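K.L.:
show me how the following folds:
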Amino acid sequence: MTEASNILGLCFPGGMDGLRAGSVMDGLAVQVEPGRTVRCDWQPSGQSDRWIACDASVGLIMERTVERREGLNAAIVRYLVSNSSSKTCLVTGLCMQIDLERGPEPWRLCTCRGGGADHGYPSENFAIREQTLYGSGAVRLGTDMDGRSSNRNLPMVIACRGDGRQAGIWCGPEWSAEWTMEVSSSEHENRVRIATAIGVRRLSLAPGETIEFPPIHLGTFSGGLAAGTNALRRYIYQGLQPRYRGQAPYGRVSYSSYFGFGSDINDAEMRRQAKRAAELGIEVFEVDAGYNGIFPQCCGEWDDVDRRKFPGGLEPVADYVRSLGMDFGLWIEPERVYRGTWAHRQRVDLLWPDPAGRDEWVTDLSRRDAQDWAIEWQSRWIEQCGASWVRYDQNVPVGIYLNSQDWSRKVQFGYVAGVYRVMDALLARFPDLMIENCASGGRRIDFGTLRRSHTNWISDYSEDAHTCRWMQLRAQRFLPGNNCNSGIGHLGPGGEVAGHGVAFGAKGISPREIDLAFLSRITGKLSIDGDIARLDAAAVERYRYWIAVHKQIRRLVVQDFHQLLPVPVAPEDWDAAQWSAYDGSEGLVLCCRMGGPVSQRIPLFGIDRACRYRLTTLDDGQSTVVSGAELLDRGLVVTLRDADVKLYQFEKS
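P.N.:
Numbers count the residues shown, from 1 in each chain. Predicted coordinates for the structure are as follows:
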């Protein structure tokens, strides 16, 4: 190794001189009363994964450990803060800081909005923002009083210096509650600082007490922000998410009852839909909210199903689903409890009331007995139904409950740890269980939930096909495709789907409408919703075709991702993205046109001039062989109608 780049004790091969040894420092800043900041800094030496520092005047001991992720140029950094004095310490601020050498060139940042239900095009959901830090200035990210981590921004940032030939860094906290992050540039100090803070107010740290700062996940890369995207995606997919049946998770094709039927479900209807789901090639059949009452008031009715809907319980439906060759899935929302439900009557002592006096209560997961209770009743449902899939939902703005229970916000550390313990326990107890993280659609996506789930429902808006495609492609700048689930429901003109709770069928829709609906969602994780039993014969065949295509290509959408054209800012802008196998031997190209010019030359990434490529349009299976030189010199020439999408698969021939 002729030259090494060293960040937080990790050494990387030469040629990445943007983060030289000695140019990086990280530290934890703890604000304590009266009006003082205690900061412990570590200049990484690469010799040890554990550091301990002590401020004798305050009595704080700070311990820092690094868990290296070999082969991924990544690490998880953990901090413990302990009060070694004989007096209570009042903490008024907690902030982890990474200081990077600023250098002569400005730093560039890539950030991403969080999930939601925005209906516009382009959508605010998962909107990408690239910014340059000139001079002295700052970019601020965070969530809000909702208390769910990605309600406003994904808690992640990708940053690099200059033109990207030097090294860059991606990072973010493992934290599923309120947070702020500031990336600031200082000309005077010649540094760029990434500061992650957890808001507290006069948090009381008793003698001998220890508090754990949220772990920070981070890694380095070279090659600009696009390389940062793929370094982060690889880390999430290969190094963070739980394995599923011994393998990295892929996006299994699922059916969900809610978007189309709402709470209006029953035994006969679910059997009717399951029969068709199996015919289409769907792999998981999930009974969503409503099996135990009317959503959302059914939250807390965890003693039994609604026997008027399911006289024999869910077990006969689950058995029927498995007899058709599918896995059975179940919706669960463990944190919200309505007044008067079974959970409220049985264990009101484990619940927090709504600060506004409404009927929504929240399980106090900061308590171990409440965690044990939640683990047990969820396990009972999973065992009884033989569920191998859970849609793990959270539809309540928990932040207002946390703040009303503890003004100092200390309780949030116990609550987040409790959420993680519950999810960890389910994964340990049921090794064949696949968890889909939901949270009102994309509102709690972070390193903590990604570490404990196999896929994510990114938005409760799943209607207009183009908006869904826009969200999926933007989210994939930070998330592998298996984490970008968007559903296809009741199709109408233009490929849009009806809002949930409207149970009409899909007879007479054109093949083009079906193609548009699938192509706009197929490069993420694919879900089919609603009254599929009423599909006519032609629609059934087209659904079956696209589901088979998705199974063929889903191995690629978790690998490298490239935005080929600028992100659309208006309906007349084209959109194009590419997915490539890690070895560059094959990939996908998705091209989308709402308006604007009818033809576009699409530049491709990673094409070998000396090779020939088989290029296949996946809507009709037509193939042609072209040279790498032609693809590099001319680009991929695409002609599309208005509001159209085309998907190509390429492979070296």
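
K.L.:
residue 99 and residue 384, how far apart?
P.N.:
53 Å (Cβ to Cβ, to the nearest Å). All C-beta spots, glycine's among them, are computed from the backbone N, C-alpha and C.

K.L.:
so where do the helices sit in the protein?
P.N.:
Secondary structure of the chain (DSSP state H): helices located at 225-234, 258-261, 267-280, 315-323, 342-346, 368-385, 398-405, 411-429, 439-442, 447-450, 465-475, 511-519, 537-553, 628-634.

K.L.:
nearest to residue 144, of those?
P.N.:
Closest to residue 144 of the helices of the chain, according to Cβ to Cβ: helix 398-405, at 7.5 Å.

K.L.:
in the protein, where is pLDDT below threshold?
P.N.:
Applying pLDDT under 70 to the chain flags residues 1-26, 41-48, 490-508.

K.L.:
now the end-to-end length of stretch 288-303.
P.N.:
End-to-end span of stretch 288-303 (Cα to Cα, to the nearest Å): 16 Å.

K.L.:
any idea how far residue 412 is from residue 445?
P.N.:
18 Å.

K.L.:
scratch that, residue 591 is what I was asking about
P.N.:
Distance, residue 591 to residue 412, by Cβ to Cβ: 44 Å.

K.L.:
and what of residue 62?
P.N.:
20 Å.

K.L.:
do the same with residue 335
P.N.:
13 Å.

K.L.:
quick check: closest non-adjacent residue to residue 214.
P.N.:
Leaving aside its chain neighbours, residue 214 sits nearest to residue 175 (3.9 Å; criterion: Cβ to Cβ, 6 or more residues apart in numbering).

K.L.:
equivalent analysis for residue 74, please.
P.N.:
Leaving aside its chain neighbours, residue 74 sits nearest to residue 219 (3.4 Å; criterion: Cβ to Cβ, 6+ apart).

K.L.:
need the contact list for that neighbour.
P.N.:
69, 72, 73, 74, 75, 169, 170, 171, 231, 232, 235 (Cβ atoms under 8 Å, 6 or more residues apart in numbering).

K.L.:
which parts of the chain belong to which domain?
P.N.:
Here the chain is described, according to automatic domain parsing, as comprising the domains 5-240, 254-553, 560-652.

K.L.:
quick one, what contacts the residue nearest the centre of the chain?
P.N.:
In the chain, the residue lying closest to the centroid (Cα atoms, centre = their mean) is residue 445, at 4.2 Å. Residue 445 is in contact with 114, 115, 149, 150, 154, 437, 439, 456, 458, 479, 483, counting by Cβ under 8 Å, 6+ apart.

K.L.:
among the helices of the chain, which is nearest residue 605?
P.N.:
When these are ranked by proximity to residue 605, the top entry is helix 225-234, at 8.1 Å, counting by Cβ to Cβ.

K.L.:
and for residue 225, the neighbour number?
P.N.:
20 (other Cβ atoms under 10 Å).

K.L.:
right, I mislabeled it, should have said residue 186
P.N.:
Other residues lying near residue 186 total 16 when counted by other Cβ under 10 Å.

K.L.:
do residue 275 as well
P.N.:
Residues near residue 275, counting by other Cβ under 10 Å: 15.

K.L.:
check contacts around it.
P.N.:
324, 533.

K.L.:
how close does it sit to residue 297?
P.N.:
Applying Cβ to Cβ to residue 275 and residue 297 gives a distance of 30 Å.

K.L.:
residue contacts, residue 387?
P.N.:
Counting by Cβ under 8 Å, 6+ apart, residue 387 has contacts 318, 328, 329, 330, 381, 433.

K.L.:
one more time with 10 Å, if that's ok
P.N.:
Residues counted as contacts of residue 387 (Cβ atoms under 10 Å, 6 or more residues apart in numbering) are 284, 286-287, 314, 318, 321, 327-332, 378, 381, 430, 432-434.

K.L.:
show me those that map onto strands.
P.N.:
284, 286, 287, 327, 328, 329, 330, 331, 332, 434 (DSSP state E).

K.L.:
is the first one in a bridge, and if so with what?
P.N.:
It refers to residue 284. residue 254, residue 327 (DSSP bridges).

K.L.:
doesn't residue 244 make contact with it?
P.N.:
No: using Cβ atoms under 10 Å, residue 284 makes no contact with residue 244, being 11.7 Å away.

K.L.:
can you tell me which of the domains of the chain is most buried?
P.N.:
domain 254-553 (a mean of 21; mean count of other Cβ atoms under 10 Å).

K.L.:
end to end, how far does that one reach?
P.N.:
Length of domain 254-553, first residue to last, Cα to Cα: 16 Å.

K.L.:
try stretch 259-266
P.N.:
15 Å.

K.L.:
show me what contacts the nearest residue to residue 59 once chain neighbours are set aside?
P.N.:
Of all residues beyond its chain neighbours, the one nearest residue 59 is residue 85 (2.7 Å), with distances taken as Cβ to Cβ, 6+ apart. Residues near residue 85 by Cβ under 10 Å, 6+ apart: 56, 57, 58, 59, 60, 61, 205, 207, 208.

K.L.:
residue 248 too?
P.N.:
237, 238, 239, 241, 242, 454, 480, 482, 555, 558.

K.L.:
of the residues you listed, which is the nearest to residue 89?
P.N.:
residue 239 (35.6 Å).

K.L.:
go ahead and confirm the closest one touches residue 74.
P.N.:
Yes: judged on Cβ under 10 Å, residue 239 makes contact with residue 74 at a distance of 6.3 Å.

K.L.:
intersection of neighbour lists for those two?
P.N.:
In contact with both residue 239 and residue 74: 217, 219, using Cβ under 10 Å, 6+ apart.
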